[in-house]
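J.: Need a 3D model of the following:
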Amino acid sequence: MDNYSMDPILIPVPESFESSRLQIRSVLWGDGAAVHEAVRQSAAELSPWMPWAQRIPSVEESEVSIRKSRLQFLERSDIRLLLFHKKTGQLIGSSGLHRIDWQVRKFEIGYWVRTSFGGQGYITEAVNAIADFAIQELQANRLEIRCDSRNTQSARVAERTGFTLEGILRNDKTDVQGDLRDTMVYSKVRGVEY
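T.: Residues are numbered from 1 along each chain as shown. Presented below is the predicted three-dimensional model:
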């Protein structure tokens, strides 16, 4: 059986990997408190873009979210990753591989950074490491980054990490206030960018 017809639950996915400053790992039961604290600290910067950040979840709700994400990781339906500073062990943000299509080997990279670590290149470093991980470990054929066309910080990360703007999907989604918004679609494609 080749890797493209294999049931995704059989696909080996490493639990963690590193970049120069970060330990990047799958979520584990018990991570909810650290995620809660980072989201609480970063709510003002997250709420314009993230529907889940419209209200700060409780510690218990954060743990429930982590546990559901852990189950999705084990099923290989979503790969939520936490970003930890290697020297201090502090949670500095979250990322992951989402909207997975195992037959195509297509993944979407999402990300957010804790406010106190913003503007220091951590997300750029994480996205580069996650893209390399997806290409080398998961044989990704296509990687995407999608963002609200008004989210210039997220778009700059995509551009700094070598993703190509394929297009802008007009009136593609609604924003956190329920108004129509455009979505920028960036990609890296095997045989073109790597």
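J.: tell me which element Phe17 falls in.
T.: For Phe17, the host element (DSSP states H and E) is strand 16-18.
J.: Sheet partners, orientation included, of that strand?
T.: Sheet pairing of strand 16-18 (DSSP bridges) gives strand 22-26 (antiparallel).
J.: Could you check the pLDDT of Thr124?
T.: As predicted, Thr124 sits at a pLDDT of 98.
J.: these two touch, right, it and Arg160?
T.: Yes: if you go by CB atoms under 8 Å, Thr124 and Arg160 touch, sitting 5.1 Å apart. C-betas here are computed from N, CA, C, even on glycine.
J.: count of residues packed around Phe84?
T.: Phe84 has 20 neighbours, counted by other CB atoms under 10 Å.
J.: SS state for Val35?
T.: helix (DSSP: H, G, I helix; E, B strand; the rest coil).
J.: how close does it get to Leu10?
T.: Going from Val35 to Leu10 by CB to CB, to the nearest Å gives 29 Å.
J.: Which one's more surrounded, these two?
T.: More crowded of Val35 and Leu10, by other CB under 10 Å: Val35, with 23 against 9.
J.: and the more buried one, how far is that from Pro12?
T.: Distance from Val35 to Pro12, by CB to CB: 26 Å.
J.: hang on, the earlier thing: rounded mean pLDDT for the strand holding Phe17, please.
T.: Across strand 16-18, pLDDT averages out at 98.
J.: ok, residues contacting it?
T.: With contact meaning CB atoms under 8 Å, 6 or more residues apart in numbering, strand 16-18 is reached by Gln23, Ile24, Arg25, Ser26, Lys86, Ala129, Phe133, Glu137.
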